[in-house]
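K.L.:
the following block contains a protein sequence and its predicted model.
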Amino acid sequence: MRILKGEDQLRQSTNAWDWLGPGIYFWEQNPEKALEYAEKCAAGQQKFSGTIKNPFVIGAIIELGNCLNLVEPNSLRIVKEAYHELLETMKESGTKMPKNKEANRRLDCAVIQNIHESIKRSGTLKPYDTIRSPFHEGVKIYEDSNFTDGLHIEISVRTPELIKGYFLPRPIAEYNPYLHQDFDKVEYQKLHPEEKDGK
């Protein structure tokens with residue numbers, strides 16, 4: 001509510017496992033996914049560096065600006081080149097390449113960080129304001145499917161000034177069920193017994 005009232009601001013996530021590098025992360029047009037993530041964090045079933053007492057979902061109006069949009073071929077080429085540059089650098093220094101392991105996306109984070117560092121070193125290229133990418137998560141929705149039940153698009157905002165405003169997604173009762181009642185961690189875990197702590 002402080003953010004909606006302009007009394008606070010979102011902070012960048014800077015974890016080594018943040019697959020799109022440091023930024024303020026959003027699910028594109030997906031308040032249901034945002035609520036699910038917040039509930040899992042509050043229940044201790046999702047890797048998360050903070051604490052959540054009551055899950056809360058806000059929407060944001062974002063201007064993408066200079067966007068590394070990973071559904072575009074040129075952006076994918078940039079990421080591929082950055083990977084090979086990082087690989088060469090690591091070989092030359094005798095350092096091990098970071099690895100992705102399940103939800104821990106250290107390699108992806110390092111590749112994206114390498115892009116930002118290369119831009120900084122160039123002194124002429126424009127830094128990226130945002131990064132946008134699809135993310136395959138969950139299980140296939142049918143045999144041999146390319147679709148997974150957690151497929152979504154994420155946006156990482158590196159330039160906070162491009163977040164033009166915030167709002168409560170509607171219907172409010174659906175996306176913010178804990179607005180007027182406390183989240184019950186124990187009850188949530190009973191309703192979702194398949195989830196494991198720390199996943």
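P.N.:
Everything's here; your move.
K.L.:
C-alpha from now on. contacts and neighbour counts both.
P.N.:
Noted.
K.L.:
mind listing what's buried in the helix or strand hosting I115?
P.N.:
Per DSSP states H and E, I115 falls inside helix 106-122. The neighbour-count check on helix 106-122 (16 or more other C-alpha atoms under 10 Å) flags 106-116 as buried.
K.L.:
strands paired with the next helix or strand after that helix, and their directions?
P.N.:
Scanning the chain past helix 106-122 towards its C-terminal end, the next helix or strand to appear is strand 130-135 (assignment: DSSP H and E). Under the criterion DSSP bridges, strand 130-135 sits next to strand 67-69 (parallel), strand 152-157 (antiparallel) in its sheet.
K.L.:
for stretch 69-86, what is the distance to the chain centroid?
P.N.:
Between the centre of stretch 69-86 and the centre of its host chain there is 18 Å, according to C-alpha atoms, centre = their mean, to the nearest Å.
K.L.:
whoops, stretch 107-124 was the one
P.N.:
Between the mean C-alpha location of stretch 107-124 and the chain-wide mean there is a distance of 18 Å, by C-alpha atoms, centre = their mean.
K.L.:
got the CA positions of it in CSV?
P.N.:
Backbone C-alpha positions of stretch 107-124 (Å, rounded to 0.1, in the frame of the first residue of the first chain) are rendered in CSV as follows:
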residue,chain,number,x,y,z
LEU,A,107,24.8,-19.1,-15.5
ASP,A,108,21.9,-17.0,-17.1
CYS,A,109,22.6,-14.2,-14.6
ALA,A,110,26.3,-14.2,-15.4
VAL,A,111,25.6,-14.1,-19.1
ILE,A,112,23.2,-11.1,-18.7
GLN,A,113,25.7,-9.4,-16.4
ASN,A,114,28.3,-9.9,-19.1
ILE,A,115,26.1,-8.0,-21.6
HIS,A,116,25.8,-5.1,-19.2
GLU,A,117,29.5,-5.0,-18.5
SER,A,118,30.4,-5.1,-22.2
ILE,A,119,28.1,-2.1,-22.8
LYS,A,120,29.7,-0.2,-19.9
ARG,A,121,33.2,-1.0,-21.3
SER,A,122,32.2,0.1,-24.8
GLY,A,123,31.4,3.7,-23.6
THR,A,124,29.3,4.2,-26.7
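K.L.:
tell me which strands and helices the helix holding I115 is in contact with?
P.N.:
Using 3 or more C-alpha pairs under 8 Å, 6 or more residues apart in numbering; DSSP states H and E as the contact criterion, the elements in contact with helix 106-122 are helix 73-93, strand 100-101.
K.L.:
dump the strands paired with strand 130-135 to a markdown table, plus mean neighbour count, distance to L76 and mean pLDDT.
P.N.:
Listed next are the strands paired with strand 130-135 as a markdown table, based on neighbours: other C-alpha atoms under 10 Å; distance: least, C-alpha to C-alpha, whole Å; pLDDT from 0 to 100:
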| stretch | mean neighbour count | distance to L76 | mean pLDDT |
| --- | --- | --- | --- |
| strand 67-69 | 20 | 8 | 98 |
| strand 152-157 | 21 | 15 | 97 |
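K.L.:
quick one: closest of those strands to E187.
P.N.:
For the strands paired with strand 130-135, distance to E187 was read as C-alpha to C-alpha. The smallest value, 26.8 Å, belongs to strand 152-157.
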